[in-house]
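*Asks:* Here you go, sequence then predicted model.
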Amino acid sequence: MTEPTNIPKYLQNQWLLLSGAVYGLLMRIIFTAAPFSWMPAFGTSPSVLASGPMMASFALLVPAIIGAVSYYYTDTDKKTFGRSLYAGYLPIMFFISGTAILLIEGSICIAMAFPLFLIMSSVGGALMWVFLRFKQPSHININSLLLLPVLMVPIESQIKLPTNNQAVSESIMVQASPDKVWQLINHVDNIRPEEMQDGFAYRIGVPLPLDANVVNVQEVKVRKLHWDKNVAFEEPITDWQVNRFIKWTCHFAPDSFPKDALDERVVIGGKYFDLIDTSYQLTPIGGNTRLDIMVHYRISTNFNWYANPLGKLLISDSAKQILSFYKHRAETPAGNNSQT
């Protein structure tokens, strides 16, 4: 990201913009192609270590450096604190657009990473603003920052992923009897895309649910689910109180998520995210039902300060959407929906 000095200023600005985007893309490719769990702590399984673009060395440092270096090369008369907060935004946007165009990233990862990249770009720019108030480093020293993400990999490769268990609960009033709601929770088919379209997770690419049915498997009740993109998994039921309460865990087989269904970084049951259990409480109120959902889940990243609130937002939004779906189905006459 060296600033060329023998071309017009307006072309220099475009050069810096392009350089920042290319640097981001180059780092993304390097972190994908290189074996970046090649220095794990002795006896540590790679399954508990961050790898590739899920390393903080990439997800935090790369956008921070883009923000810092972009601000460093900003025209002197424009070097304000406010400018430091967004100096790297355009390179970040071009960088992320490049990952989409080159099919490096899918819509889910882009939607989840974009706010983080902007935050870290602002942090990097602000830190550079503070630094430049006390010292004027050379271009060579500043450009050496570009190597920092790769240099940090051996250190991060010694750090186990933290385990952070969280819970989300939501509630809704349904104008139907507990028996009718109970039947829907246990047997629902022909879920249409428009019935789930308000859920943010589904808008950004999470496969849509198609059906869910409780069956008996070797005298054990199991809820079998099918989602779009050939996703299929089971939910063994651990608590069953007819018309009152149901709880299940999640069981994912190696082929539950086909390769093109979800990226490894966001797949449910992976090393970064998992659903632990889900429960529904049905409370009769008059002739209606209060339906409560509780979801326990795990998030494991080296930047949980960001992943935790994001995960809570997505899980909470999905829980609300599911409750709204059951409410709509329960309150709609049987002939007016496509359930079989």
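*Replies:* All right, it came through fine.

*Asks:* for the chain, which residue is closest to the average position?
*Replies:* Residue closest to the average C-alpha location in the chain (Cα atoms, centre = their mean): residue 112, at 4.6 Å.

*Asks:* hang on, isn't it packed against residue 273?
*Replies:* No - applying Cβ atoms under 8 Å as the test, residue 112 and residue 273 come out as separate, 10.5 Å apart. Quick note: C-beta positions are derived from backbone N, CA and C, even for glycine.

*Asks:* Now do the same contact list for residue 57.
*Replies:* 31, 149-150, 152-153, 156 (Cβ atoms under 8 Å, 6 or more residues apart in numbering).

*Asks:* do that again at 6 Å, thanks
*Replies:* Residue 57 is in contact with 149, 152-153, 156, counting by Cβ atoms under 6 Å, 6 or more residues apart in numbering.

*Asks:* Just among those residues, which is most surrounded?
*Replies:* The most neighbours of any of those, using other Cβ atoms under 10 Å, belong to residue 149, which has 23 neighbours.

*Asks:* That one touches residue 64, doesn't it?
*Replies:* No - counting by Cβ atoms under 6 Å, residue 149 sits too far from residue 64 to count as a contact (9.3 Å).

*Asks:* circling back: against residue 272, how distant is the residue nearest to the centre of the chain?
*Replies:* For residue 112, the distance to residue 272 equals 11 Å [Cβ to Cβ, to the nearest Å].

*Asks:* gap between residue 126 and residue 92?
*Replies:* Residue 126 is 15 Å from residue 92, by Cβ to Cβ.

*Asks:* Mind checking which of these two has more residues around it?
*Replies:* residue 92 (25 against 18).

*Asks:* average model confidence for the helix or strand hosting that one?
*Replies:* Residue 92 is part of helix 89-101 when elements are defined by DSSP states H and E. Mean pLDDT, computed over helix 89-101, is 95.

*Asks:* List the buried residues in the helix or strand following that helix.
*Replies:* Going down the chain from helix 89-101, the next helix or strand is helix 107-132, by DSSP H and E. Applying a neighbour-count criterion of 16 or more other Cβ atoms under 10 Å, one finds 108-113, 116-118, 120-126, 128-129, 132 buried in helix 107-132.

*Asks:* Contacts for the helix or strand following helix 107-132, please.
*Replies:* Using DSSP H and E, the next helix or strand after helix 107-132 towards the C-terminus is helix 139-143. Contacts to helix 139-143, defined as Cβ under 6 Å, 6+ apart, come from residues residue 72.

*Asks:* what's the spacing between helix 139-143 and its chain's center?
*Replies:* Its chain's average C-alpha position is 34 Å from that of helix 139-143, according to Cα atoms, centre = their mean, to the nearest Å.

*Asks:* buried set for the lengthiest helix in the chain?
*Replies:* Determined from DSSP state H, the single longest helix within the chain is helix 304-331. Across helix 304-331, burial judged by 16+ other Cβ under 10 Å covers 304, 306-307, 310-311, 314-327, 329-330.

*Asks:* Equivalent analysis for stretch 77-89, please.
*Replies:* In stretch 77-89, counting by 16+ other Cβ under 10 Å, buried: 79, 84-89.

*Asks:* So which of these sit within strands?
*Replies:* Assignment to strands by DSSP state E places none of these there.

*Asks:* Can I get those residues in TSV including distance to residue 213?
*Replies:* Listed next are those as TSV, based on distance: Cβ to Cβ, whole Å:
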residue	distance to residue 213
79	62
84	55
85	51
86	50
87	54
88	49
89	47
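
*Asks:* out of the residues you listed, which one sits closest to residue 288?
*Replies:* residue 89 (48.8 Å; Cβ to Cβ).

*Asks:* what's the model's confidence in stretch 165-184, averaged?
*Replies:* Rounded mean pLDDT across stretch 165-184 is 97.

*Asks:* could I get the contacts of residue 57 as CSV with distance to residue 214, secondary structure and pLDDT?
*Replies:* Below are the contacts of residue 57 laid out as CSV (distance: Cβ to Cβ, whole Å; DSSP: H, G, I helix; E, B strand; the rest coil; pLDDT from 0 to 100):
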residue, distance to residue 214, secondary structure, pLDDT
149, 48, helix, 96
152, 48, helix, 94
153, 46, helix, 90
156, 43, helix, 90
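
*Asks:* what's the angle from the helix or strand harbouring residue 14 to helix 107-132?
*Replies:* Residue 14 is located in helix 9-33, with elements delineated by DSSP H and E. With axes from the mean of the first three to the mean of the last three Cα atoms, to 10 degrees applied, the angle from helix 9-33 to helix 107-132 works out at 120 degrees.

*Asks:* Which positions in helix 9-33 come out as buried?
*Replies:* 12, 15-17, 19-21, 23-25, 27-28, 30-31.

*Asks:* Remind me what that helix packs against, helices and strands.
*Replies:* helix 61-72, helix 89-101 (3 or more Cβ pairs under 6 Å, 6 or more residues apart in numbering; DSSP states H and E).

*Asks:* Would you reformat these as CSV and include distance to residue 287?
*Replies:* As requested, those are exported to CSV (distance: least, Cβ to Cβ, whole Å):
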stretch, distance to residue 287
helix 61-72, 54
helix 89-101, 50
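
*Asks:* Please identify the deepest-packed of the ones you listed.
*Replies:* Highest mean neighbour count among these (mean count of other Cβ atoms under 10 Å): helix 61-72, with a mean of 27.
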